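[1] coords please:
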Amino acid sequence: MDLHEARPFLGGRATSFPVSDQESVDNCQHVLLRCCSNLIDFYRRCGVLEKIRFFAEYCFVEPGGRVSLLRPGLLPLARFAPLDWRDKLAIARALMAMRRVRARPGLEATTFGDWLAAHGQTPRAISRFWRPVIVSALNEEPARASAAPAFQVFLDGFLAAGDGWQMGVPAVPLAELYAGSLPNVRVHLRSALDRLDPGDRSAGFYLSAVPFERVADLVPGLGLDLARFEHSPITGIHLWFDREITALPQAALLDRTLQWIFRKSAVHYHLVVSASRSLVRIPRQQIIDLALAEVREFFPAARQARLDRAQVIKEARATFAPLPGVEAARPGPETRYPNLFLAGDWTCTGWPATMEGAVRSGYLAAEAICRAAGRPRRFLIP
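    Numbers count the residues shown, from 1 in each chain. Below you'll find the predicted structure:
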């Protein structure tokens, strides 16, 4: 099998690049939950599962530095300091309502913001609970995101039984997760294909895993209706200080532009802003100044620290936006060509644009190819 990759590395948008001879940085921090069963299976197949560190609780930091810990579920909210009893009661009612209306028709056609408003959510419950979770998980604002994938985030993750809600963070640069050799695969890096002709029988089957905005140019005549698809950006900001500013390994940041911080070392911190449309056209130095000012609000130790260097990475096409109506337009792996198949987190995977969704798309495409070859196999894990 031949794999052609346009970039000089594997991993697509979930990768890292060198900033010196000794150090690489991720283009953006990618995380997973233990309920991401296919991604975990993929990491196990690659022999890198031990390089994922899982956390049993979530840290939330308010401006001023107060830290609160949260374990998913209903009762743990009772001690969650950033919310008062009115906020917590509203959230508990909404979570219970989710369990009752999971399969309600029309859920995909409404926004999660409208659903929250219809279920009496307080402004603080939205800004300090619903929004941090949804923007991070779906890379979209609740006011724009479809309610269906938002429900999935909470029902399959936050309210799931067992440890499915635990957050996993790669303990190594993302590129190291995909650096191993692939048996029986010839990998061609820096090998972009301008056009793919399914009528060319030099290969038995073709699999396209390009983003949705490229597929029509790569394979003309597919007949896909992609008019509803939009991009949603993510901005990653790496800051290196002359000293440690926090020992927290990861934390959600409340009420400011910055949304998450990940501690990469004692002096290196990775900040993430999902659905970062407000930052796309802002100059690099202005973003660094904004990030530094906010970090000093959250972590008092940063006020005495010197910023040694910084790196800003804007992923303008980070994911597709899970807007109402998009789900029905996501294609499956089969196409009108019997020997051409599709993969990618934007295809119909049952998940939003995540690494789990990307792996599911690959497994579903592999099953479709096996069926076409007359050798059916199952790869997808429920």
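
[2] going by C-alpha atoms from here, please, whenever you check contacts or count neighbours.
    Noted.

[3] distance of residue 335 from residue 220?
    Distance of residue 335 to residue 220, given as C-alpha to C-alpha, to the nearest Å: 12 Å.

[4] revised request: answer the last question for residue 99.
    43 Å.

[5] residue contacts, residue 319?
    Shown in contact with residue 319 (C-alpha atoms under 8 Å, 6 or more residues apart in numbering): 139, 231-233, 353.

[6] go through the chain and flag its longest strand.
    When the chain is parsed with DSSP state E, its longest strand is strand 307-320.

[7] buried ones in that one?
    Neighbour-count burial for strand 307-320 flags 310-316, 318-320 (criterion: 16 or more other C-alpha atoms under 10 Å).

[8] dump stretch 329-347 to CSV, restricted to CA.
    Extracted in CSV, the C-alpha atoms of stretch 329-347 (Å, rounded to 0.1, in the frame of the first residue of the first chain):
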residue,chain,number,x,y,z
ALA,A,329,-24.4,16.6,4.8
ARG,A,330,-21.5,14.5,6.2
PRO,A,331,-20.8,11.7,3.6
GLY,A,332,-20.0,8.1,4.5
PRO,A,333,-16.9,6.3,3.3
GLU,A,334,-18.5,5.1,0.0
THR,A,335,-18.6,7.3,-3.0
ARG,A,336,-20.2,7.1,-6.5
TYR,A,337,-17.0,5.4,-7.6
PRO,A,338,-16.8,1.7,-6.5
ASN,A,339,-13.0,1.9,-5.9
LEU,A,340,-12.8,5.3,-4.2
PHE,A,341,-13.5,5.8,-0.5
LEU,A,342,-13.4,8.8,1.9
ALA,A,343,-12.0,9.4,5.3
GLY,A,344,-11.5,12.4,7.5
ASP,A,345,-13.0,13.8,10.7
TRP,A,346,-15.5,15.7,8.6
THR,A,347,-17.1,12.5,7.2
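
[9] tell me the average confidence for it?
    Mean pLDDT, computed over stretch 329-347, is 96.

[10] go on, stretch 17-25?
    80.

[11] how far does that stretch sit from its chain's centre?
    Between the centre of stretch 17-25 and the centre of its chain there are 23 Å (C-alpha atoms, centre = their mean, to the nearest Å).

[12] what about the strands in the stretch 201-350 of the chain?
    206-208, 231-241, 250-253, 260-263, 268-274, 307-320, 340-342 (DSSP state E, counting those that start in this stretch).

[13] closest to residue 330 out of the buried residues of strand 307-320?
    residue 320 (10.6 Å; C-alpha to C-alpha).

[14] who's that closest one bridged to?
    residue 231 (DSSP bridges).

[15] try residue 186
    residue 2.

[16] is it correct that it is in contact with residue 3?
    Yes. Residue 186 lies in contact with residue 3 (C-alpha atoms under 8 Å); the separation is 6.1 Å.

[17] quick one: least confident helix or strand in the protein?
    strand 16-18 (a mean of 80; mean pLDDT, DSSP states H and E).

[18] partner strands of the helix or strand that that strand is followed by, with direction?
    Next along the chain after strand 16-18, taking DSSP states H and E as the criterion, comes strand 24-26. Using DSSP bridges, the strands paired with strand 24-26 are strand 16-18 (antiparallel).

[19] return the set of buried residues in the strand it pairs with.
    residue 16.

[20] what's in contact with that strand?
    24-27, 173-175.

[21] could you list every helix and strand in contact with the helix ranked longest in the chain?
    Determined from DSSP state H, the single longest helix within the chain is helix 355-372. When contacts are defined as 3 or more C-alpha pairs under 8 Å, 6 or more residues apart in numbering; DSSP states H and E, helix 355-372 packs onto helix 37-46, strand 340-342.

[22] tell me the angle of that helix relative to helix 37-46?
    If you take axes from the mean of the first three to the mean of the last three C-alpha atoms, to 10 degrees, helix 355-372 sits at 80 degrees to helix 37-46.

[23] roughly how far is helix 355-372 from the heart of the chain?
    That offset, for helix 355-372, works out to 19 Å (C-alpha atoms, centre = their mean).

[24] what residues does that helix touch?
    14, 30, 32, 36-39, 42, 205, 207, 333-334, 338-339, 341-351, 376-380.

[25] quick one: low-confidence ranges for the stretch 151-300 of the chain?
    Low-confidence segments of the stretch 151-300 of the chain (pLDDT under 70): 161, 181.

[26] can you give me the helices in it?
    With helices called from DSSP state H, counting those that start in this stretch, the stretch 151-300 of the chain shows them at 212-218, 284-298.

[27] including mean neighbour count, could these go into TSV?
    Formatted as TSV, the entries for the helices of the stretch 151-300 of the chain read as follows, by neighbours: other C-alpha atoms under 10 Å:
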stretch	mean neighbour count
helix 212-218	16
helix 284-298	16
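
[28] between these, which one is closest to residue 244.
    helix 284-298 (12.4 Å).

[29] please enumerate residues in contact with the closest one?
    With C-alpha under 8 Å, 6+ apart as the criterion, helix 284-298 contacts 61-66, 237, 253, 256-258, 279, 302-303, 310, 312.

[30] gap between that helix and the chain center?
    On C-alpha atoms, centre = their mean, the centre of helix 284-298 falls 23 Å from that of its chain.

[31] can I get it in PDB? Just the C-alpha atoms.
    The C-alpha trace of helix 284-298 is given here as PDB (Å, rounded to 0.1, in the frame of the first residue of the first chain):
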ATOM      1  CA  ARG A 284       1.300  38.100  16.500                       C
ATOM      2  CA  GLN A 285       2.700  40.500  19.100                       C
ATOM      3  CA  GLN A 286      -0.700  41.700  20.100                       C
ATOM      4  CA  ILE A 287      -1.700  38.100  20.800                       C
ATOM      5  CA  ILE A 288       1.400  37.500  22.900                       C
ATOM      6  CA  ASP A 289       0.800  40.700  24.900                       C
ATOM      7  CA  LEU A 290      -2.800  39.600  25.500                       C
ATOM      8  CA  ALA A 291      -1.800  36.100  26.600                       C
ATOM      9  CA  LEU A 292       0.900  37.400  28.900                       C
ATOM     10  CA  ALA A 293      -1.500  39.900  30.500                       C
ATOM     11  CA  GLU A 294      -4.100  37.200  31.100                       C
ATOM     12  CA  VAL A 295      -1.600  34.600  32.400                       C
ATOM     13  CA  ARG A 296      -0.500  37.200  35.000                       C
ATOM     14  CA  GLU A 297      -4.100  37.600  36.100                       C
ATOM     15  CA  PHE A 298      -4.500  33.800  36.600                       C
END
